[in-house]
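In: Any chance you can model this:
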Amino acid sequence: MSDDTPGTDAELTLTEPAETPPEHHEQTLNTEQHDPTVPDAWAAFMRQGWGDRELDLPPHAVAPYAAARRQRLAEQFPGERLVLPAGGYKVRAYDTDYRFRSDTAHTYFSGNQTSDAVLVVEDGEAVLYARPRSSRETDEFFRDRQYGELWAGRRPSLGEMTASLGLPVRHLDELPAALEGTGKTRVHRGLDPRVDHLVPGDESLDTDFARAISEMRLVKDEWEVGELQQACDITALGFEDSVREWDRVLEFGERWLEGTFFRRARAMGNDLGYDSIVAGGSHATTLHWIDNSGPVTPGELILLDMGVEGHNLYTADVTRTLPVDGRYSPLQRELYELVLAAQTAGIEAVRPGAAFLAAHQAAMEVLARGLESMGLLPVSADEALDPESKVYARWTLHGTSHMLGMDVHDCGHASPEAYNKGVLAAGMVLTVEPGLYFQEDDLLVPEELRGIGIRIEDDILVTPEGSRNLSASLPRAADEVEAWMARLRG
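Out: Okay, the predicted model is just below:
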């Protein structure tokens, strides 16, 4: 089977493993001091009289793709043991956890999204070690706040996960024995303290492993492209929702927009791909403004940088800068069209074989010459564009592109040669997002520019012929944005 063809693990058995291995002992319960006491009579009564039912877990669409990915991963490290944890719950405050989100690499290679699981690939064979639902013969079933079925919901059984994911799944308690031995082991570290403790660290091995994982994810397969397109489509609906509720936006400010978009993300996806940036007025000059606590003021612009994470964890990342009044002022339009021209130049530079930085360089060329024509540069645009100068960047600040996928800043452990110093290939997905930011206390620009921030961002798939804008359903041109807002506001 070729590396590009999804496949399945050979000789897969779907017989259900034992839910509770002989060596398993009941875990310490996650309870709180304000929980009521549990007399023996109550505990005994709770352990009887329950019917059984299976969860409806159909075969996961990613299973054949994940199997092919595991095969390619194993081929990179023949004879080695590869360990990829899903991670566990993270505390938000005292006894309150954040909603669990599995580690990207773990899910990429397994499809699993349950907590505490660990994927082990060794000698070309893969086993998922997972924590199934509690036995009804334990107190965990009705007392444990983190894993108990009556507190946190019904986790799948080992057999259900095996059938759905298309790979053998064993009880998590068997993991320590599976990690014994002296063979070369690489661990995706920093995700599960228990796993980090079980396998002594080797920084060179583990760092190289993280690099390889990131680089494998640089080129998306057809299933991934479909997931990203869906995330972009739902994101577009979230932007539309936000504009339809503009009267409430004017009343309640940035918070209303944040909440409106989040509602769409939860209704049709898994979550937000990242904290939404809802930046009215001068807040738009703060690149990662996520407080979203300010007013939305007529006459100003509002920058919306938002993305939906789909059910399979692929995220969109889209930015639009809208006129609060529904129409750009002459100055706002002039600045907006400069940023749009820069973005268009950047998108046109995206094609197979082009440098990853080609989009950034094309966009910066446009912005630098625009800043020169406005009389803002202390030197000529040619001099400002010199890598040893870059003084134009006072008003642009950030790079134009980053890779996009299951992480909003995807493939971050890839080597520079494969990523920011590399070339683009068909199947890569990256953002193109130039911006102009004039800080409200910047004395080197005219007063009328101070406090204006504009960014336009789209998600671009590299195709064999050039590129395709996955978020093209949202208008970019100033006239189209105004007409879109007018239609949605009725």
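In: from here on, contacts and neighbour counts on C-alpha atoms
Out: Will do.
In: neighbours around the nearest residue to L218 once chain neighbours are set aside, how many?
Out: Among residues not flanking L218 along the chain, M428 sits closest, at 5.8 Å (C-alpha to C-alpha, 6 or more residues apart in numbering). Residues contacting M428 under the criterion other C-alpha atoms under 10 Å number 22.
In: how about M428, phi and psi?
Out: Main-chain torsions, M428, degrees, to the nearest 10: phi -80, psi 150.
In: In this model V462 seems to touch it, though I could be wrong.
Out: Yes. Contact criterion C-alpha atoms under 8 Å: M428 and V462 qualify, at 5.4 Å.
In: And Q332, how close does it get to E240?
Out: Applying C-alpha to C-alpha, to the nearest Å, the value for Q332 to E240 is 22 Å.
In: quick one: which of these two has more around it?
Out: Taking other C-alpha under 10 Å, Q332 and E240 do not tie; Q332 has more neighbours (21 against 18).
In: residues in contact with the host helix or strand of the more buried one?
Out: Q332 is part of helix 330-348, with elements assigned from DSSP states H and E. Residues outside helix 330-348 that contact it (C-alpha atoms under 8 Å, 6 or more residues apart in numbering) are 301, 358-367, 370, 432-436, 454-457, 460, 467, 476-478.
In: Show the contacting residues for the spatially most central residue of the chain.
Out: Most central in the chain under C-alpha atoms, centre = their mean is D407, positioned 3.1 Å from the mean C-alpha point. By C-alpha under 8 Å, 6+ apart, D407 lies in contact with T104, G273, L313, Y314, T315.
In: Apply 7 Å and report the result again.
Out: Counting by C-alpha atoms under 7 Å, 6 or more residues apart in numbering, D407 touches T315.
In: likewise the one 3 residues further on?
Out: Contact criterion C-alpha under 7 Å, 6+ apart gives M403, L404 as the residues in contact with D410.
In: On the three-state scheme, it is what?
Out: coil (DSSP: H, G, I helix; E, B strand; the rest coil).
In: Check P156 too.
Out: Assigned by three-state DSSP, the conformation of P156 is coil.
In: Over to it: give its phi and psi.
Out: phi -70, psi 160.
In: Report pLDDT for E23.
Out: Reading off the confidence values, E23 has pLDDT 42.
In: And the strands in the stretch 1-150 of the chain, which stretches?
Out: 81-85, 91-93, 96-97, 118-122, 125-130 (DSSP state E, counting those that start in this stretch).
In: which one of the ones you listed lies closest to R186?
Out: Checking those against R186 by C-alpha to C-alpha gives strand 81-85 as the closest, at 5.0 Å.
In: Report the residue spans of the stretch 1-150 of the chain with pLDDT below the cut-off.
Out: Within the stretch 1-150 of the chain, the stretches with pLDDT under 70 are 1-27.
In: now the helices: where do they sit in it?
Out: Using DSSP state H, counting those that start in this stretch, the helices found in the stretch 1-150 of the chain span residues 40-46, 63-76, 104-110, 140-143, 149-152.
In: packing partners for the third one?
Out: Based on contacts counted as 3 or more C-alpha pairs under 7 Å, 6 or more residues apart in numbering; DSSP states H and E, the elements that helix 104-110 packs against are helix 63-76.
In: what's the angle between the lengthiest helix in the chain and helix 63-76?
Out: As assigned by DSSP state H, the longest helix anywhere in the chain is helix 222-244. Angle between the axes of helix 222-244 and helix 63-76 is 120 degrees (criterion: axes from the mean of the first three to the mean of the last three C-alpha atoms, to 10 degrees).
In: Could you identify the helix or strand that succeeds helix 222-244?
Out: helix 246-252.
In: List the buried residues in that next one.
Out: W246, V249, L250 (16 or more other C-alpha atoms under 10 Å).
In: Find the residue closest to the first one in space, skipping its chain neighbours.
Out: When you say that, I think you mean W246. Once flanking residues are discounted, W246 sits nearest to R489: 7.0 Å by C-alpha to C-alpha, 6+ apart.
In: Hmm, D247 and that neighbour touching each other?
Out: No. R489 lies out of contact with D247 (C-alpha atoms under 7 Å); the separation is 8.6 Å.
In: re the thing from before, residues contacting the residue nearest to L218?
Out: By C-alpha under 7 Å, 6+ apart, the neighbours of M428 are L218, V219, K220, L461, V462.
In: let's see it at 10 Å
Out: When contacts are counted by C-alpha atoms under 10 Å, 6 or more residues apart in numbering, M428 touches 217-221, 225, 351-352, 403-405, 460-463, 467.
In: now the strands for the stretch 351-490 of the chain?
Out: 429-432, 435-438, 452-455, 458-462, 467-469.
In: what pairs with the longest one, and is each one parallel or antiparallel?
Out: Put plainly, it is strand 458-462. Here strand 458-462 has these sheet partners by DSSP bridges: strand 429-432 (antiparallel), strand 467-469 (antiparallel).
In: which residues sit against the last one?
Out: Spelled out, that is strand 467-469. So strand 467-469 is contacted by 229, 232, 347-352, 426-432, 458-462 (C-alpha under 10 Å, 6+ apart).
In: Buried members of those residues into ChimeraX, please.
Out: In ChimeraX, a selection of the buried entries from the contacts of strand 467-469 looks like this (16+ other C-alpha under 10 Å):
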select :229,232,347,349,350,351,352,426,427,428,429,430,431,432,458,459,460,461,462
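In: I'd like to know which of the contacts of helix 330-348 are buried.
Out: Neighbour-count burial (16+ other C-alpha under 10 Å) is assigned, among the contacts of helix 330-348, to 301, 358-367, 370, 432-436, 454-457, 460, 467, 476, 478.
In: And G201, how far from S276?
Out: From G201 over to S276 the distance is 36 Å, taken as C-alpha to C-alpha.
In: Tell me which of these two has more neighbours.
Out: Between G201 and S276, counted using other C-alpha under 10 Å, the more crowded position is S276 (23 against 14).
In: can you count the residues close to the closest residue to the more buried one other than its chain neighbours?
Out: Spatial nearest neighbour of S276, chain neighbours left out: M306 (4.9 Å); criterion: C-alpha to C-alpha, 6+ apart. Counted with other C-alpha under 10 Å, residues neighbouring M306 total 27.
In: how near is M306 to G412?
Out: Distance, M306 to G412, by C-alpha to C-alpha: 20 Å.
In: Check S389 too.
Out: Taking C-alpha to C-alpha, one finds S389 at 27 Å from G412.
In: So which of those two has more stuff around it?
Out: In this view S389 and G412 are compared by other C-alpha under 10 Å, and G412 has more residues nearby, 19 against 12.
In: From L218, how far off is the more buried one?
Out: 10 Å.
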